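J.: I'll drop the sequence and a predicted model, then ask my questions.
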Amino acid sequence: MKKLFYLLLILGYSLSSHAQFSVTAHQEGWDKIPPQAQKKGFSFQQSVLANMDEDDALEEVMLFGRDNGHYPTFDLFKAYYVIVDNYTKEVQYISDEIYVTDKYNLLVEDRNNDDISELYISYFKDGKFSVDERGYNLQAVRCYDRIEWNPTDKNFKSPQK
């Protein structure tokens, strides 16, 4: 019985140690972030490799964010996007706006089948939202945009319907 107690104790300690390591371990890719890509107060959240221009080299599309409030049934975040050349680590594009949203969203797809991916984003119009007196019933005008990055021309953002 004593051996079983110690075995369970060791097993419990091992599981909690692993869980703590998983929570505090650095995010993958944190050391590959160019310093000029990170704005003060924002943390790297996720990235995806995609072909964002006409050459075959891939770009890394990065999402940076921070908390913007916690409510009973949802959280709010502020976020911005960066496109980095995957080979040179040179920043190609940083979103001008800081977007307010209720989920981190990094969707990069080639929906128009031109072999160049676009970044699709969703956010609250003008960063404005409202909740009831208990923090429920999130109300916001949601916007959906497509960002196409063009290294030889001006980048443009087009609203999606």
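T.: Done, it's in.
J.: Help me confirm that Leu11 is found in a helix?
T.: Yes. Counting by DSSP: H, G, I helix; E, B strand; the rest coil, Leu11 is found in a helix.
J.: who's the closest residue to Phe42 other than its chain neighbours bridged to?
T.: What sits nearest to Phe42 in space, not counting adjacent residues and going by Cβ to Cβ, 6 or more residues apart in numbering, is Phe64, at 4.2 Å. For every residue, glycine as well, the C-beta is placed using N, CA and C. According to DSSP bridges, the partner residues bridging Phe64 are Phe44, Tyr80.
J.: can I assume Phe64 is in contact with Lys40?
T.: No. Using Cβ atoms under 8 Å as the test, Phe64 is too far from Lys40 to be in contact (10.7 Å).
J.: which of these two has more neighbours?
T.: Using other Cβ atoms under 10 Å, the more surrounded residue of Phe64 and Lys40 is Phe64, with 24 against 5.
J.: Now for the residue nearest to Phe42: which residues touch it?
T.: Phe64 makes contact with Ala37, Gln38, Lys39, Phe42, Ser43, Phe44, Gln45, Ala79, Tyr80, Tyr81, Val82, according to Cβ atoms under 8 Å, 6 or more residues apart in numbering.
J.: which stretches of the chain form strands?
T.: According to DSSP state E, the chain carries its strands in the segments 43-50, 59-70, 75-85, 91-94, 99-101, 107-109, 118-124, 142-148, 156-159.
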